[in-house]
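Student: How does the following fold in three dimensions:
(2 chains)
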Amino acid sequence: MTQRNQNAEGVGSALRLTQPTHDSTPMLEARGVSRTFRVSVGLFKPKRTLRAVEDVSLAVRPGEVVALVGESGCGKTTLARLLLGLLPPTAGEIRIGGEATTTLPRRAIAALVQPVFQDPYSSLNPRKSIGSIIALPLRVQGGSDSSTWRHRVEEMMERVGLARSLHDNFPSQLSGGQRQRVAIARALINRPRLVICDEPTSALDVSVQSQILNLLQELRRDMGLTYLLISHNLAVVEHMATRVAVMYLGRIVEEADTDTLFRAPKHPYTQALLASVLTPEPGLGVPDTQLGAAYPNPLEVPPGCRFHPRCARVMDVCKTVAPAPIATASGFAECHLYNPGEPRVS
Amino acid sequence: MSERILTVEDLRVDLPVPAGSLHAVQGVSFHVDRGETVCIVGESGCGKTLTALAIMDLLPVRARRTAKRLELAGRDMLNLSEREMSDIRGARAAMIFQEPMTSLNPAYTIGNQLEEALLRHNRVSRRQARERAVYLLERVGITAAGSRLKQYPHQLSGGLRQRVMIAMALMCAPAMILADEPTTALDVTIQAQILHLLAELQREFSMGLVLITHDLGVVARIATRVVVMYAGEVVETGTAAAIFSNPAHPYTRGLLACIPVPGRTQRGQPLGTIPGMVPSLIGEQTGCHFAGRCSHVIDPCRRQPIPLEAARGQGGHLVRCIRHAEIAEPALVGWVERQR
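Tutor: Residues are numbered from 1 along each chain as shown, chains lettered A, B, ... in the order given. So this is what the prediction gives:
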């Protein structure tokens, strides 16, 4: 255990050098954002409301790598789409560089925030050449002299590790790793400030994953980028992120800087998530997460704390009262366990 | 000496392609004893899934399978008729696939599909089959099992569907389960639960378990023995402890260096990489398949077929590298230090 702490301290000191200044204006901010969908649950049944994201506040400051983690269906991709301006929120406000997105034209948002999606097989148009895929944002934004585009595209291809000779090839002729490099080049060609990476390496083999992660780190350093990283792979998150937000059924239930979160997770859900990480250490066996077989359903969000049906430390109050965010050393947690004013009845 | 469940010797799978023949699996040998979990690990295209399909005789029609030996619990499986093979499939050896939604029939209820397996292979009444289905659903952690029998696959979550698949595999009490990426499509929390369950059931029913995965974390936690595959060949095999604390093949070591490990890899520092690409498996290759990407490559690596030979120290630890002894020490230091 002491060994582990030492290691963690080593990581911490390396991190402090690159720690962003926290007083600056958030580059991207969600303020009390909610998004609901009306979904059909059967032919003759009335439509029901699915609360994909509920009253979420999240700030991404310049230079940070903020990771959003959680199980599938917890709303992390919906939140990403809201932040990208691809989906209007039902309530709340998204601000980019201090300005509300409702006052910004789509093109201005796209110039600042760009996405890299999970599946490089479906996120690239199969009928367009690599060069024309990467140049699309240039064409959309117009502006600079179009005679320089070819040069800029080739420069960017080289920057992300693609041979210039691939300029006229098609996505089908590329491997998964190469395709993800194309997606990254397309996102960066207009020099955005922030890149939202939605599961950027989940579809890739481990040897390719490490190359893409290294590339993202390099680009971040060289181009001064800020990332919002969405991932279910907590080992990747630990390696990349400076801060982590844990989502559960549409809400952020805990937020902390990466070292604090991995060393001392507060929320029982975060603890279960971290316990589920299978590090390559033989002899440790498969952990028991104690989560039970119940699965969260965003159509039927439980009353009180939304995690209580799966929580190993559930108390009476959890079943009726939704916990408010409680400030922690470097963020917050939404859990009655940490509320000093709450009676501890187990 | 424990009971041998599965013996695979010199298994080969060739696929006809316009340019000739694609040698997808090239002489794979391994064995599984009762109560053992053998993990086949490798990246996409290394032949791990085709190895499993070849064992179950479920290869695509045009694929050609050859082997020196393929025995399940002492019975030769190479020269069986389709009818004899289908008596074995599901009864003596069961398979669990990656995507439970595509391997369950959407038009039949869970109960129907569970009972079918037992009714097909054993002389039991429908009531007995139903009782076993309920028992096994409860055993794999599904609550209200009786009412679940009437549900259709689309009414269940991914984790529940995979539990149903496991229950289905257990219906006829097979000697061996072959699981191909059983948790890849699932969330980490559900993955841990499913693997926990598989390990528990495997001990309880003392089956042989073959688990195919690309996830080294899964391998480390569940494997008794590990088979590392690269470009159609076994490049290294040994106990989980040997493979992870003493990896001998440059590819195995490369893979281990690629993955971030919380508390061990430094944030912001580059991860290890394996440069280059997997070679084409069409036509004949001479020499080591990894030679084109290996930093230790020397001329003889490319000229001769490389045999699997014993790595230093451990019994049963085999490696397909002519330089494993001389390169063992220096490159390993980083990983072992982090390991401690």
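Student: Can you pull the residues of the stretch 101-250 of chain B lying near chain A?
Tutor: With Cβ under 8 Å from any Cβ of the partner chain as the criterion, the stretch 101-250 of chain B meets chain A at residues B:141-143, B:157-160, B:163, B:187-193, B:195-196, B:199, B:214-223, B:240-241, B:243-245. The C-beta positions use only the backbone N, C-alpha and C, and glycine is treated the same way.
Student: Narrow these to just the buried residues.
Tutor: Among those, those buried by neighbour count (16 or more other Cβ atoms under 10 Å in any protein chain shown) are B:141-142, B:157-160, B:163, B:187-193, B:195-196, B:199, B:214-223, B:240-241, B:243-245.
Student: any idea which residue sits dead centre in the chain?
Tutor: Picking chain A for this. Central residue of chain A (Cα atoms, centre = their mean): residue A:230, 2.3 Å from the mean position.
Student: ah, I was thinking of chain B
Tutor: residue B:212 (2.1 Å).
Student: got the contact list for that one?
Tutor: B:39-41, B:48-49, B:51-52, B:178-181 (Cβ atoms under 8 Å, 6 or more residues apart in numbering or on different chains).
Student: Any stretches of chain B with poor pLDDT?
Tutor: Residues of chain B meeting the criterion pLDDT under 70: B:1, B:313-314, B:328-340.
Student: can you rerun that using 50?
Tutor: Along chain B, the parts satisfying pLDDT under 50 run over B:330-340.
Student: All the strands of it, residue numbers only.
Tutor: Taking DSSP state E as the criterion, chain B contains strands spanning B:4-17, B:20-33, B:37-41, B:64-66, B:69-72, B:75-76, B:93-96, B:176-180, B:208-213, B:225-230, B:233-239, B:309-310, B:318-319.
Student: can you list these in TSV and add distance to residue A:43?
Tutor: As requested, the strands of chain B are exported to TSV (distance: least, Cβ to Cβ, whole Å):
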stretch	distance to residue A:43
strand B:4-17	44
strand B:20-33	45
strand B:37-41	45
strand B:64-66	47
strand B:69-72	47
strand B:75-76	50
strand B:93-96	33
strand B:176-180	36
strand B:208-213	40
strand B:225-230	48
strand B:233-239	53
strand B:309-310	65
strand B:318-319	59
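Student: I'd assumed residue A:108 was in contact with residue A:140.
Tutor: No: Residue A:140 is beyond contact range of residue A:108, at 11.6 Å (criterion: Cβ atoms under 8 Å).
Student: what are the phi and psi angles of residue B:61?
Tutor: Reported as degrees, to the nearest 10, the phi and psi values for residue B:61 are phi -50, psi -40.
Student: no, scratch that, I was asking about residue B:62
Tutor: phi -80, psi -10.
Student: Tell me the spacing between it and chain A.
Tutor: 23 Å (Cβ to the nearest Cβ, to the nearest Å).
Student: one step back: narrow the residues of the stretch 101-250 of chain B next to chain A to those in helices?
Tutor: The helices, defined by DSSP state H, take in B:158-160, B:163, B:188-193, B:195-196, B:199, B:216-222, B:240-241, B:243-245 from those.
Student: picking that back up, mind listing what the residue nearest to the centre of chain A touches?
Tutor: A:67-69, A:76-77, A:80, A:196-199.
Student: if we go to 10 Å?
Tutor: A:66-70, A:76-77, A:79-80, A:115, A:117-118, A:196-200, A:202, A:237, A:247 (Cβ atoms under 10 Å, 6 or more residues apart in numbering or on different chains).
Student: One more: residue A:132?
Tutor: A:125, A:139, A:149, A:153, A:167-168, A:170.
Student: tell me which element it falls in.
Tutor: Residue A:132 belongs to helix A:130-141 when assigned by DSSP states H and E.
Student: same for the following helix or strand past that helix, what does it pack against?
Tutor: The helix or strand immediately downstream of helix A:130-141 is helix A:149-159, counting by DSSP H and E. The contact analysis (3 or more Cβ pairs under 10 Å, 6 or more residues apart in numbering or on different chains; DSSP states H and E) places helix A:149-159 against helix A:130-141, helix A:176-188, helix A:206-223.
Student: let's see it at 6 Å
Tutor: helix A:130-141 (3 or more Cβ pairs under 6 Å, 6 or more residues apart in numbering or on different chains; DSSP states H and E).
Student: Looking at the helix it packs on now, give me its mean pLDDT.
Tutor: For helix A:130-141, the mean per-residue pLDDT is 92.
Student: quick revisit: narrow the contacts of residue A:230 to just the buried residues.
Tutor: Here, 16+ other Cβ under 10 Å leaves A:66-70, A:76-77, A:79-80, A:115, A:117-118, A:196-200, A:237, A:247 buried among the contacts of residue A:230.
Student: Filter the residues you listed down to just the ones in strands.
Tutor: A:66-69, A:115, A:196-198, A:247.
Student: Of all the residues in the stretch 1-150 of chain B, which one is nearest chain A?
Tutor: residue B:43 (4.0 Å; Cβ to the nearest Cβ).
Student: if I pick that residue, what's in contact with it?
Tutor: Residues in contact with residue B:43 (Cβ atoms under 6 Å, 6 or more residues apart in numbering or on different chains) are A:205, B:214.
Student: just the residues of chain A that are near chain B, which are they?
Tutor: Neighbours of chain B within chain A, by Cβ under 6 Å from any Cβ of the partner chain: A:4, A:7, A:11, A:14-15, A:71-72, A:205-207, A:210-211, A:213-214, A:232, A:235-236, A:238-239, A:262, A:276, A:278-282, A:285-289, A:291, A:293, A:295.
Student: Can you name the residues that contact residue B:146?
Tutor: Contacts of residue B:146 by Cβ under 6 Å, 6+ apart are residue B:134.
Student: please redo it, this time with the cut-off set to 10 Å
Tutor: B:111, B:130, B:133-134, B:137-138.
Student: Kindly report the same for residue B:80.
Tutor: Going by Cβ under 10 Å, 6+ apart, residue B:80 touches B:57, B:70, B:72, B:86-88.
Student: got these as a markdown table, with distance to chain A and neighbour count columns?
Tutor: As requested, the contacts of residue B:80 are exported to a markdown table (distance: Cβ to the nearest Cβ, whole Å; neighbours: other Cβ atoms under 10 Å in any protein chain shown):
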| residue | distance to chain A | neighbour count |
| --- | --- | --- |
| B:57 | 28 | 16 |
| B:70 | 28 | 22 |
| B:72 | 26 | 23 |
| B:86 | 32 | 14 |
| B:87 | 33 | 14 |
| B:88 | 29 | 20 |
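Student: in chain A, what residue sits furthest out from the centroid?
Tutor: residue A:44 (36.8 Å).
Student: Which of the three states applies to that one?
Tutor: coil (DSSP: H, G, I helix; E, B strand; the rest coil).
Student: roughly how far apart are it and chain B?
Tutor: 17 Å.
Student: can you list the domains in chain B?
Tutor: B:4-229, B:246-339 (automatic domain parsing).
Student: Pull out the buried positions in stretch A:96-112.
Tutor: Buried-residue list, stretch A:96-112, by 16+ other Cβ under 10 Å: A:96-97, A:101, A:104, A:108-112.
Student: Any chance you could list what contacts it?
Tutor: A:25-29, A:31, A:60, A:62, A:82-86, A:88-89, A:93-95, A:113, A:137, A:140-143, A:190-194.
Student: residues contacting the closest residue to residue B:167 other than its chain neighbours?
Tutor: In this structure, residue B:167 finds its nearest non-sequential neighbour in residue B:136, 4.1 Å apart by Cβ to Cβ, 6 or more residues apart in numbering or on different chains. Residues near residue B:136 by Cβ under 10 Å, 6+ apart: B:114, B:118, B:142, B:145, B:163-164, B:166-171, B:173, B:201.
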